[in-house]
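*Asks:* how would this look folded up:
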Amino acid sequence: MGERKVLAYPPLSFKPSELPRIRTTKKQQSKVRIMLPMSIVYNIDGNHIRQGTKFHSRKEEVISEDPDCVLESGGREISSP
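*Replies:* Take a look at the predicted model:
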């Protein structure tokens with residue numbers, strides 16, 4: 001027979017209400033599923049992702065900036081033929 005899992009219980013003196021709350025100051029972001037508007041290449045491993053690939057992303061409201069898609073870091077755009 002296999003061994004049973006041993007459950008680790010918190011100590012009796014543990015009070016979750018005394019834990020500090022971690023508040024993040026993220027901008028208002030919403031999770032969306034979009035299609036990639038451009039072909040890109042990752043800098044680290046050279047992996048290619050073609051235009052039109054569907055993936056999950058975070059979208060945030062931007063005021064007074066260029067509304068086009070921008071690759072922030074970790075890759076570069078491939079020019080279309």
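
*Asks:* and the pLDDT for residue 81?
*Replies:* For residue 81, the model assigns a pLDDT of 55.

*Asks:* hmm, I typed the wrong one, I wanted residue 66.
*Replies:* Listed pLDDT for residue 66 reads 63.

*Asks:* residues contacting the worst-scoring helix or strand of the chain on mean pLDDT, please?
*Replies:* None of the helices or strands of the chain scores lower by mean pLDDT, DSSP states H and E than strand 54-60, at a mean of 83. Residues from elsewhere that reach strand 54-60 (C-beta atoms under 8 Å, 6 or more residues apart in numbering): 27-36. Just so you know, the C-beta spots here come from the backbone N, C-alpha and C atoms, and that holds for glycine as well.

*Asks:* so which of the residues you listed wins on neighbours?
*Replies:* In terms of neighbour count, residue 36 stands highest of those at 16 neighbours, by other C-beta atoms under 10 Å.
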